[in-house]
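Novice: structure of the sequence below:
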Amino acid sequence: MTAALKPTPRRPLLIAIAGGSASVKSYLAEQIARALPRKVARFSLDDFYFDRSHLSAQRRARINFDHPRAIDWKSIVRAVESLRSGHPAQIPCYDFTTHCRRLDRKQIVPRPYVVVEGLWPFHSPKLRRLFDLCVYLECDARIRLQRRMARDLATRGRTKSSIRVQFQTAVEPMHRRHVAPQAERADIVLRQTWGKAEVQFLVASMRVLARGSQT
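Specialist: This is a model prediction of the structure:
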């Protein structure tokens with residue numbers, strides 16, 4: 001009699017969603033999670049901004065948060081590597097009103113699909129190599145500014161003038177330099193008019209890749 005072999009644990013499929021500020025990356029990640037109930041773990045690159053609690057409020061306000069160097073890349077790579085290997089990852093919690101990390105952390109448990117969204121998930125070659133599928137969202141600057149205005153007024157205690165000035169002096173220049181070039185590295189590019197059909201196509205592509213990774 002031969003001993004029964006234990007099934008090899010399936011490695012999660014890792015999907016990255018990149019795009020400019022207010023290009024509805026989080027919304028797309030949510031739509032994917034709804035299409036694949038209980039099979040998707042997701043988090044944002046935004047969680048990995050460096051803690052700025054040691055700086056004065058004035059100095060924090062002068063930081064360019066739209067430049068990739070504002071992100072703790074070592075920690076994000078470590079978290080994605082842990083999930084890719086089938087282990088939970090500890091994710092920091094960031095407070096955008098104070099530009100500081102909160103004391104609490106959240107644990108992400110690997111599921112069949114892990115979705116990471118943010119401004120620059122393809123920026124770091126080391127991080128980019130960990131993803132099985134890279135998706136880029138194209139969206140006109142005027143639309144992104146309108147969405148960012150609504151969001152920041154409602155949730156981040158900003159004024160219209162400060163939002164507009166930051167968008168023109170930091171957000172868009174950094175978008176052209178660091179965000180938009182990622183479209184060339186994407187496996188799938190979704191235009192700003194994407195909808196249900198595109199989400200279905202993306203989810204179908206993920207399922208095909210998942211089946212391929214199991215063979």
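Novice: how near is the closest residue to residue 158 other than its chain neighbours to residue 67?
Specialist: Nearest residue to residue 158, sequence neighbours excluded (Cβ to Cβ, 6 or more residues apart in numbering): residue 152, at 4.2 Å. Just so you know, the C-beta spots here come from the backbone N, C-alpha and C atoms, and that holds for glycine as well. In this structure, residue 152 and residue 67 are 18 Å apart, going by Cβ to Cβ, to the nearest Å.
Novice: next: residue 189.
Specialist: Distance of residue 189 to residue 67, given as Cβ to Cβ: 23 Å.
Novice: with residue 158 instead?
Specialist: With Cβ to Cβ as the criterion, residue 158 and residue 67 are 19 Å apart.
Novice: looking at the two, which one has more neighbours?
Specialist: More neighbours surround residue 158 than the other of residue 158 and residue 67, with 18 against 15 (other Cβ atoms under 10 Å).
Novice: thought that one was touching residue 151?
Specialist: No: taking contact to mean Cβ atoms under 8 Å, the distance of 9.2 Å between residue 158 and residue 151 leaves them out of contact.
Novice: next one, pLDDT for residue 61 please.
Specialist: Taken from the predicted model, the pLDDT recorded for residue 61 is 81.
Novice: what's the spacing between it and residue 52?
Specialist: Distance of residue 61 to residue 52, given as Cβ to Cβ: 10 Å.
Novice: could you count how many residues lie near residue 94?
Specialist: If we define neighbours as other Cβ under 10 Å, then residue 94 has 18 of them.
Novice: please apply the same query to residue 125.
Specialist: Residue neighbour count, defined by other Cβ under 10 Å, stands at 8 for residue 125.
Novice: now swap in residue 56 and tell me
Specialist: Using other Cβ under 10 Å as the criterion, residue 56 is surrounded by 9 other residues.
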